[in-house]
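Participant: Return atomic coordinates for the entry below.
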Amino acid sequence: MAVPTLALGALALAGAPAMAHDGEHHYQSTLGAINGSSASGTVTVDVNGTQAHAVLKVSGLAATFMDAPYPHVQHIHGGAQGVCPPASADKDGDGVVSTTEGAPSYGGIVTTLSTSGDTSPAAGLDLKLAGQGASYTVDRTFEVNAETKAALEAGTAVVVVHGLDPATLSAAGQAAKSDLVPSLPLAATSPALCGTLAEGMAMPGGGVDTGVTETQGMDAGALALGGGFVLAAVAGGAYVIRRNRVASAA
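Facilitator: Have a look, this model is predicted:
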C-alpha cells in the first residue's frame, strides 16, 4: 500500500466521569450517519485538568479495503460553527459533502483519535493508527491541547469518522477523486459519521443532538495535506477500492 497523508489537528481527552471538581468535565455525542453511510456510534470525552480520556464506539462502517480491514481515521474538530454540515454543503453536486466542503461547519482538526501513539494533527490520517473494519472501539487517555480544550468548552468540538463504501455513492461520487489526495477516490477520505460533543453528566435516552439529519456530509475540518494517511495504491501506482460487502449485521 502506498501512503498518502493528510494533516489535521490535535485533541484532548481525560478520565473523570464525575464532575466533582471544577476542572472535571464530561462530554458526549451520538454520532449520526452522513454521506449515505449506514454506520452508527457514540463517543465520550472526560477531561480532568490537562488529561483526557476518550472512548469511541462505532459499527456499520465500510468493512474491507483491498481485501483487508478498512482503515477509518477519526478526529475532533473545532473553531467553527460546531455542527455537522447539511446536504447543501455539497457545492459541486456529486452527492458527497467532501472534507473541504464540510470545513466551514466543523472547523479544523484539533485532535486525532488514533488507536495508539500520536494524537496530534500530524497523525490525523495515518491509517496505521486508524480504527479497522466495520466495528471497533478506540479507548485513549492523553494530554489535552489548548485548541481541543477551548473547542470543548465552547461547545464547538465535533467528532468525525472517515471512510465510505464507494458502492453506496452516486455515479458522480464514485468517479470523483479525493479533494485531499487526488490519487485516491473521494470515498477514501470522506466522512461517514459526525457528531457534536455536548457537556453533561450522562448520555440522555435519545442521545445528544449531533446536528446531523442523516443527510450527506461533513468531514473533519480543514484537512491539510502532509502527515500520514495510509490509504492507497497497488503496485504500479494503480489504486482500487473494492466494492464493500458489508454484511447487514456488520
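Participant: which stretches of this protein form helices?
Facilitator: Assigned by DSSP state H, the chain shows helices spanning 99-106, 146-154, 171-175, 186-189.
Participant: The nearest residue to residue 176 once chain neighbours are set aside: neighbour count?
Facilitator: Nearest non-adjacent residue to residue 176, counting by CB to CB, 6 or more residues apart in numbering: residue 186, 4.1 Å away. Just so you know, the C-beta spots here come from the backbone N, C-alpha and C atoms, and that holds for glycine as well. Residue 186: 24 surrounding residues under other CB atoms under 10 Å.
Participant: sorry, back to before: for the helices of the chain, which one ends up most surrounded?
Facilitator: helix 186-189 (a mean of 26; mean count of other CB atoms under 10 Å).
Participant: what separates that helix from the chain centre, distance-wise?
Facilitator: Here helix 186-189 is found 12 Å from its chain centre; the criterion is CA atoms, centre = their mean, to the nearest Å.
Participant: helices and strands around it, which ones?
Facilitator: helix 171-175 (3 or more CB pairs under 8 Å, 6 or more residues apart in numbering; DSSP states H and E).
Participant: taking the mean pLDDT, what do you get for the helix it packs on?
Facilitator: For helix 171-175, mean pLDDT rounds to 92.
Participant: circling back: weakest of the helices of the chain in terms of mean pLDDT?
Facilitator: helix 186-189 (a mean of 87).
Participant: what about residue 52, distance to residue 32?
Facilitator: Per CB to CB, to the nearest Å, residue 52 is found 23 Å from residue 32.
Participant: now swap in residue 163 and tell me
Facilitator: In this view, residue 163 and residue 32 are 16 Å apart by CB to CB.
Participant: So for residue 52 and residue 32, which sits in the more crowded spot?
Facilitator: Between residue 52 and residue 32, counting by other CB under 10 Å, residue 52 is the more crowded of the two (29 against 24).
Participant: Tell me the confidence at the more buried one?
Facilitator: Per-residue pLDDT puts residue 52 at 97.
Participant: show me where pLDDT drops low in the protein?
Facilitator: The model of the chain has pLDDT under 70 over residues 1-22, 202-250.
Participant: 50 instead, please
Facilitator: Residue ranges of the chain with pLDDT under 50: 1-21, 202-250.
Participant: Would you agree residue 99 is in contact with residue 184?
Facilitator: No - look at residue 99 against residue 184 with CB atoms under 8 Å: they stay out of range, at 11.5 Å.
Participant: For the two, list the residues in contact with both.
Facilitator: Shared contacts of residue 99 and residue 184, defined by CB atoms under 8 Å, 6 or more residues apart in numbering, are absent.
Participant: Excluding covalently adjacent residues, which one is nearest to residue 137?
Facilitator: Of all residues not flanking residue 137 in the chain, residue 57 sits nearest, at 4.9 Å (CB to CB, 6+ apart).
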